[in-house]
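*Asks:* With the sequence up front, the predicted model follows.
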Amino acid sequence: MKITVINTGGTFNKRYNPLKGELEVPKDNIALDEIIESCFNIDFEIKNIISKDSLEITNEDREFLYETIKDSSNENIIIVHGTDTVDITSRFLDDKKLNKKIVLTGAMVPMSIKKVEATLNFAQAIGFLNAQIENGVYISMHGCVINHEKLSKNREIGQFLVSN
């Protein structure tokens, strides 16, 4: 199986910069590379295109993301995205009616601080794409991969929950 992974940044990728004294989104794929090195049966194509916290992603960035997906010959897409606006980007992509299987994922805690959540969310997305699923836009977070309209971030408890 071939999966195109589009890395837009987000908390998933953040690392502490000791010179600035803050977490920042790097312009590399170190977090992804660490997970992918353990996947032996998948051909990954990695595209690092935005490198922003999701609160900084604009509609122009979303349009660039859409064009990147549209131009990809692959129908299996994972997007690493920040959790704060993953719902906005999911709706944006769903409205474009792409004929692809698109799974957005991210993490509430940077992989550089705690590896489990980011790894789980990304691994779920891989497994989901290996199943017989319909084309559409999905979110992979906190033990669930589901249509983007049915998963939302509960900011009071810091978790993604399935809505009825």
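*Replies:* Perfect, I can see it now. Numbering: from 1, shown residues only.
*Asks:* Buried residues, stretch 54-63. List them.
*Replies:* Across stretch 54-63, burial judged by 16 or more other Cβ atoms under 10 Å covers 54, 57, 61, 62. C-beta: built from backbone N, CA, C; applies to glycine.
*Asks:* can I get those residues in TSV with secondary structure?
*Replies:* Shown next, in TSV, are these (DSSP: H, G, I helix; E, B strand; the rest coil):
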residue	secondary structure
54	helix
57	coil
61	helix
62	helix
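*Asks:* Can you tell me which of those residues is nearest residue 163?
*Replies:* Comparing these against residue 163 with Cβ to Cβ picks out residue 54 as the nearest, at 19.8 Å.
*Asks:* so what's the closest one closest to, chain neighbours aside?
*Replies:* Once flanking residues are discounted, residue 54 sits nearest to residue 82: 2.5 Å by Cβ to Cβ, 6 or more residues apart in numbering.
*Asks:* Could you tell me how many residues sit around that neighbour?
*Replies:* Residue 82 has 26 neighbouring residues, counting by other Cβ atoms under 10 Å.
*Asks:* list the contacts for it?
*Replies:* Residues in contact with residue 82 (Cβ atoms under 8 Å, 6 or more residues apart in numbering) are 8, 9, 10, 11, 12, 52, 53, 54, 55, 57, 106.
*Asks:* Right, I'll call it a day here.
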